[in-house]
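Visitor: sequence first, predicted model second:
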Amino acid sequence: METKIKHILLAGFLSSAAIFGGGAQAASFSVAGSLTGDPRTNNPDNLFINVGINVVDTVASWTVDIASPLHPNAKLDEFYFNLGSLVNVADVTFGGYNPVGWEIQSPATVQGGGSFNPSFSFQALDPAGQPNAADVTNTVNLLFTATLNRNWTLDDFYSAAALQSSEATLPAGQLGAHLQSLSTAGCAGCSDSGFLIGNYTRDGGGGGQGSVPEPSVVALLGMGLLGMGLSRKSKV
């Protein structure tokens with residue numbers, strides 16, 4: 001009977017080790033991002049962009065969604081983002097662009113938001129020259145994939161540097177965007193472009209199929225297995 005108890009306890013230990021041995025990050029998870037603007041006096045406000053990132057192992061699928069109904073003609077000029085310090089530019093391959101013709105460049109050359117030093121690591125844009133890619137608008141999202149030479153982790157997003165513009169009215173952020181063709185109604189003398197700034201948001205991540213149980217759950221599991229073993233021993 002003692003041998004059976006040892007096997008039960010060993011199974012519990014191995015289960016816990018397997019859970020924690022896989023690392024603190026899931027292989028499948030999601031991350032969200034939210035950008036707002038423009039707080040500067042001479043630029044329109046009520047600018048919003050939502051970012052969604054679905055990760056499966058080495059591939060992160062991005063969606064950049066302009067959600068600015070008060071600016072029905074808004075179009076994306078450029079989208080900027082940083083990744084965590086453990087992600088080198090050379091380690092990431094981008095593709096799957098929709099609309100076709102958009103691309104990711106590094107480093108970014110920020111437009112319409114003052115100067116950033118250092119600048120964002122990456123920018124998405126429709127490069128100069130023909131043919132012109134379709135516009136990204138309130139009704140057309142920008143989609144692309146980022147493939148890393150290892151599995152992505154949550155820290156690859158959440159630990160990204162938040163950058164501050166030379167224009168102090170703009171807050172610091174991990175994400176940025178420049179919008180054009182904005183409505184200037186009610187904003188006398190305003191430019192028809194604006195800058196948005198934002199961050200990855202934690203309430204959007206970590207709930208994937210590979211999510212890791214809280215330590216308390218593992219502890220309860222271990223206690224249950226131990227209880228089973230003790231119960232069996234008491235009946236001997």
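Guide: Done, it's in.
Visitor: hmm, residue 116 is touching residue 167, no?
Guide: No: the pair residue 116 and residue 167 does not pass the contact test of Cβ atoms under 8 Å, sitting 9.8 Å apart. All C-beta spots, glycine's among them, are computed from the backbone N, C-alpha and C.
Visitor: so for the two, which sits in the more crowded spot?
Guide: In this view residue 116 and residue 167 are compared by other Cβ atoms under 10 Å, and residue 116 has more residues nearby, 21 against 16.
Visitor: quick one: contacts for the residue nearest in space to the middle of the chain?
Guide: In the chain, the C-alpha nearest the mean C-alpha coordinate belongs to residue 31, at 4.4 Å (Cα atoms, centre = their mean). Contact analysis of residue 31 by Cβ atoms under 8 Å, 6 or more residues apart in numbering lists 52, 53, 55, 154, 157, 158, 200, 201, 204, 205.
Visitor: same check on residue 93?
Guide: Applying Cβ under 8 Å, 6+ apart, the residues near residue 93 are 146, 147.
Visitor: again, but for the one 3 residues further on
Guide: By Cβ under 8 Å, 6+ apart, the contact set of residue 96 is 61, 143, 144, 145.
Visitor: give me that answer again for 7 Å
Guide: If you count contacts by Cβ atoms under 7 Å, 6 or more residues apart in numbering, residue 96 has them with 143, 144, 145.
Visitor: go on, residue 162?
Guide: Applying Cβ under 7 Å, 6+ apart to residue 162 gives the contacts 172, 173, 174, 199.
Visitor: export these to a markdown table and tack on pLDDT, secondary structure and neighbour count?
Guide: As requested, those are exported to a markdown table (pLDDT from 0 to 100; DSSP: H, G, I helix; E, B strand; the rest coil; neighbours: other Cβ atoms under 10 Å):
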| residue | pLDDT | secondary structure | neighbour count |
| --- | --- | --- | --- |
| 172 | 96 | coil | 12 |
| 173 | 97 | strand | 29 |
| 174 | 98 | coil | 23 |
| 199 | 98 | strand | 20 |
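Visitor: now, which of those sits nearest residue 186?
Guide: Within these, the smallest distance to residue 186 is 25.8 Å, found for residue 173 (Cβ to Cβ).
Visitor: for stretch 81-91, give the mean pLDDT please.
Guide: For stretch 81-91, the mean per-residue pLDDT is 96.
Visitor: next, the buried residues of it.
Guide: For stretch 81-91, the neighbour count (16 or more other Cβ atoms under 10 Å) marks 81, 82, 83, 84, 87 as buried.
Visitor: pull the distance from it to the chain's centre.
Guide: 12 Å (Cα atoms, centre = their mean, to the nearest Å).
Visitor: for that stretch, how far is the first residue from the last?
Guide: Length of stretch 81-91, first residue to last, Cα to Cα, to the nearest Å: 16 Å.
Visitor: do stretch 181-191 as well
Guide: Stretch 181-191 stretches 9 Å from its first residue to its last (Cα to Cα).
Visitor: ok, residues contacting it?
Guide: Counting by Cβ under 7 Å, 6+ apart, 42, 43, 44, 70, 71, 73, 74, 75, 192, 193, 194 sit against stretch 181-191.
Visitor: only whichever of those are buried, select them in PyMOL.
Guide: In PyMOL syntax, the buried subset of the contacts of stretch 181-191 is picked out as below (16+ other Cβ under 10 Å):
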select buried, resi 43+44+71+74+75+192+193+194
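Visitor: in JSON lines, list the contacts of stretch 181-191 along with pLDDT and secondary structure.
Guide: As requested, those are arranged in JSON lines below (pLDDT from 0 to 100; DSSP: H, G, I helix; E, B strand; the rest coil):
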{"residue": "42", "pLDDT": "92", "secondary structure": "coil"}
{"residue": "43", "pLDDT": "95", "secondary structure": "coil"}
{"residue": "44", "pLDDT": "94", "secondary structure": "coil"}
{"residue": "70", "pLDDT": "95", "secondary structure": "coil"}
{"residue": "71", "pLDDT": "96", "secondary structure": "coil"}
{"residue": "73", "pLDDT": "96", "secondary structure": "coil"}
{"residue": "74", "pLDDT": "97", "secondary structure": "coil"}
{"residue": "75", "pLDDT": "97", "secondary structure": "strand"}
{"residue": "192", "pLDDT": "93", "secondary structure": "coil"}
{"residue": "193", "pLDDT": "96", "secondary structure": "coil"}
{"residue": "194", "pLDDT": "97", "secondary structure": "strand"}
